[in-house]
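In: Got a predicted structure plus its sequence, pasted below:
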Number of protein chains: 2
Amino acid sequence: MAEESDRRAQILEAAFEEFSAKGFKGATIKSIARAANLQSPALIYWYFPDKEALFREVLGTRIPLLRAVRDTASLLDLPPENVLPSIAKRYLSTFDSRATQRMARLLVGEAMRRPEVAEIFGNAVIQRVLGFLKSYMARQVELGRLRPHDVRASARAFIGMLIPQAGGKLFLPAIREDGLTDDEHVEAVVGIFLLGLERKEDEE
Amino acid sequence: MAEESDRRAQILEAAFEEFSAKGFKGATIKSIARAANLQSPALIYWYFPDKEALFREVLGTRIPLLRAVRDTASLLDLPPENVLPSIAKRYLSTFDSRATQRMARLLVGEAMRRPEVAEIFGNAVIQRVLGFLKSYMARQVELGRLRPHDVRASARAFIGMLIPQAGGKLFLPAIREDGLTDDEHVEAVVGIFLLGLERKEDEE
DNA sequence: AGCTCTTGACTGAACGTTCTATCAGGGGTA
DNA sequence: TACCCCTGATAGAACGTTCAGTCAAGAGCT
C-alpha cells in the first residue's frame, strides 16, 4: 500500500499537467502518455477505466485545501489589523506556486463547462474561504472591533478585493502592467477595508 | 451590404452558443451546423475558412463594450456617493443578460488556455474598466473628495469587491446560497469603500 | 419571348487524421 | 505455472476539411 504504485502517481501527475494546460477535451490520452514517458498509451487503461475517471481522480487528489484558511479556528479572536493582512498575503502568495496556478486554471477553466466541477470548486474552495471570513467578521463585530454590518457582503468584499491581483498572476498579464506588488496592494486594501468597517466612536 | 448575409449571422449566432457552452474544443463543426439548422456542416466552409477563423470572428463581433463603463467621461467630476453605486449596479446587472453571461463564460474559460484570448479579454474588458476606475479615483483625490491613496489598488479593490457576486451569477451557485441580493451587496461594499477612503477631517 | 451561360448558395459523400478504448500476447518475478 | 505489468496493433467512431456536383436566379444575347 505504501507506494501506491509509482506508475499510477506518474500518470496522475502527467494528467494533471496536461489537463490544466489544455483542458479536458484538449488533453488526449496519447499526450498524457507522452508526458508521463509511457511507451504505450494503453497502459493508462490498466490503471484507470477511462479518461473521465482519470480526470475525476486528478481533481479529487489535487484539490488544494487552501493554505490561506487552514488552521483558522485560532484566528477568530485575534484583531483584524493582524489577521487580515496575514490572510491576504497568504492567499496571494498561494498563487506563486506553480501547482496552485495549474490547479486554479484547471478549476476555473472547466467550471465554465462542467457543473460538477463548478460544484467541487464552489464547495471545496469558495465556501470554505467565504465561510471562514463570515464567521470571523461576525466574531469581530461581536467583540466590538468592527461596526455592525452585513458579513455576507464584507466577506465577499474582502476576498474579492484580492481577486484582480490573483488574476494577474494566473492569466491576465494586462493587470500586472502597472507594477503594483502584492504587499502594496494588501496594505492599501486592508487599510480601506478596516477604515470602512471601523466602529464609530459614538457607538456602544 | 445591409444584411451581411442572413446565413452568416445565423452561423455566427449558433457558433457563439456552442463555443460558449462547450468551449472551442468541445464545440464541433457538426454541432454548430445543427444548432444553426443547416442541412450540411460543409456550408460553414463557404462562409468561413476554418473553425479557428469562425471562433475568432465570434470573439471579434461579440465582445461587449461593457455598458457599465461606457460614456464615462462625464462621470469623472461627479461625487463618488452617486457614481460608485451606479457603476456597481450597472456592472452587476450586466450579468443578468444571457448574452453577457455566455460571453463571460467563453472569455474566462478560453482565456485559461489561449493566451490570445486572455489578451483580448485583458485589453478589451479589464484594462478599460480598471483604467476608468483609476482615473476616476485620481480625479476624486484631486478634488479632495477622497483621501490620497494608491489608485491602482483602489481600482482593483472596487471592481474586485463585486466579482464574487458576479461569479455567483455566472457559474458558482454555491455563492448565491446565502441569498445576498445585488442591491444589498452594492450598498454594503460601497459603504465600506467610501468610509475607507474618506478624506480625514484634519487634512488639507 | 425564349434560349444559353454564368454565378452564388448549398449539399452528400468522402478523405485523411486523430480520438478513445480494446485486446491478444509477452516479459519478469514468485 | 501463475500473476502482474506492460506493449503493439488495431478497431470503431468522430473529427475538420475538401470536393464534385445540384439547383435556383439572374445576365446577356437573339
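Out: Nice, thanks for sending it over.

In: What's the local residue count around A:Ala35?
Out: 18 (other C-beta atoms under 10 Å in any protein chain shown). Every C-beta, even on glycine, is put in place using the N, C-alpha and C of the backbone.

In: Show the contacting residues for it.
Out: A:14-15, A:17-18 (C-beta atoms under 8 Å, 6 or more residues apart in numbering or on different chains).

In: 6 Å instead?
Out: Listed by C-beta atoms under 6 Å, 6 or more residues apart in numbering or on different chains, the contact set of A:Ala35 reads A:14, A:17-18.

In: who does the helix or strand hosting A:Ala166 touch, helix- and strand-wise?
Out: Per DSSP states H and E, A:Ala166 falls inside helix A:151-170. Judged by 3 or more C-beta pairs under 6 Å, 6 or more residues apart in numbering or on different chains; DSSP states H and E, the packing partners of helix A:151-170 are helix A:128-142, helix A:173-176, helix B:151-170, helix B:182-197.

In: Pick the most deeply packed of these.
Out: Most buried of the helices and strands packed on helix A:151-170, by mean neighbour count (mean count of other C-beta atoms under 10 Å in any protein chain shown): helix B:151-170, with a mean of 25.

In: With just CA atoms, put that helix into PDB.
Out: Taking C-alpha atoms only, helix B:151-170 is exported to PDB below (Å, rounded to 0.1, in the frame of the first residue of the first chain):
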ATOM      1  CA  VAL B 151      -5.400  54.300  -7.100                       C
ATOM      2  CA  ARG B 152      -4.100  51.200  -8.700                       C
ATOM      3  CA  ALA B 153      -5.100  49.300  -5.500                       C
ATOM      4  CA  SER B 154      -8.400  51.100  -5.000                       C
ATOM      5  CA  ALA B 155      -9.500  50.400  -8.600                       C
ATOM      6  CA  ARG B 156      -8.700  46.700  -8.200                       C
ATOM      7  CA  ALA B 157     -10.400  46.700  -4.900                       C
ATOM      8  CA  PHE B 158     -13.600  48.300  -6.100                       C
ATOM      9  CA  ILE B 159     -14.100  46.100  -9.100                       C
ATOM     10  CA  GLY B 160     -12.900  43.100  -7.100                       C
ATOM     11  CA  MET B 161     -15.500  43.500  -4.400                       C
ATOM     12  CA  LEU B 162     -18.100  42.900  -7.000                       C
ATOM     13  CA  ILE B 163     -16.600  39.800  -8.600                       C
ATOM     14  CA  PRO B 164     -17.800  37.100  -6.100                       C
ATOM     15  CA  GLN B 165     -21.300  38.400  -6.600                       C
ATOM     16  CA  ALA B 166     -20.900  38.300 -10.400                       C
ATOM     17  CA  GLY B 167     -19.300  34.800 -10.100                       C
ATOM     18  CA  GLY B 168     -22.400  33.600  -8.300                       C
ATOM     19  CA  LYS B 169     -24.500  34.500 -11.300                       C
ATOM     20  CA  LEU B 170     -22.100  33.100 -13.800                       C
END
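
In: Run through who's touching it.
Out: Contacts for helix B:151-170 (C-beta under 6 Å, 6+ apart): A:156-157, A:160-161, A:163-164, A:178, A:180, A:185, A:188-189, B:88, B:91, B:95, B:104, B:129-130, B:133-134, B:137-138, B:175-176, B:185, B:189.

In: can you pull the buried residues of the lowest-mean-pLDDT helix or strand in chain A?
Out: Least confident helix or strand, chain A: helix A:115-121 with a mean of 91, by mean pLDDT, DSSP states H and E. Judged by neighbour count using 16 or more other C-beta atoms under 10 Å in any protein chain shown, the buried positions of helix A:115-121 are A:117-118, A:120-121.

In: Farthest pair within the residues you listed?
Out: A:Ala118 and A:Ile120 (7.4 Å; C-beta to C-beta).

In: returning to what we had before: model confidence over the helix holding A:Ala166, on average?
Out: The average pLDDT for helix A:151-170 rounds to 97.

In: can you give me the angle it makes with helix B:128-142?
Out: Computed by axes from the mean of the first three to the mean of the last three C-alpha atoms, to 10 degrees, the angle separating helix A:151-170 from helix B:128-142 equals 120 degrees.

In: and stretch A:44-60, how far apart are its ends?
Out: Start-to-end span of stretch A:44-60 (C-alpha to C-alpha, to the nearest Å) is 18 Å.

In: any idea how far B:Asp178 is from A:Ala124?
Out: As judged by C-beta to C-beta, to the nearest Å, A:Ala124 and B:Asp178 stand 17 Å apart.

In: cool, A:Asp183 as well?
Out: 31 Å.

In: same deal with A:Ala53?
Out: Using C-beta to C-beta, which is the criterion applied here, A:Ala53 is 34 Å from B:Asp178.

In: quick revisit: out of the buried residues of helix A:115-121, which is nearest to B:Arg145?
Out: A:Phe121 (39.1 Å).

In: how close does that closest one sit to B:Arg105?
Out: Distance from A:Phe121 to B:Arg105, by C-beta to C-beta: 14 Å.

In: Show me which of A:Ala53 and B:Asp178 is the more surrounded one.
Out: More crowded of A:Ala53 and B:Asp178, by other C-beta under 10 Å: B:Asp178, with 16 against 11.
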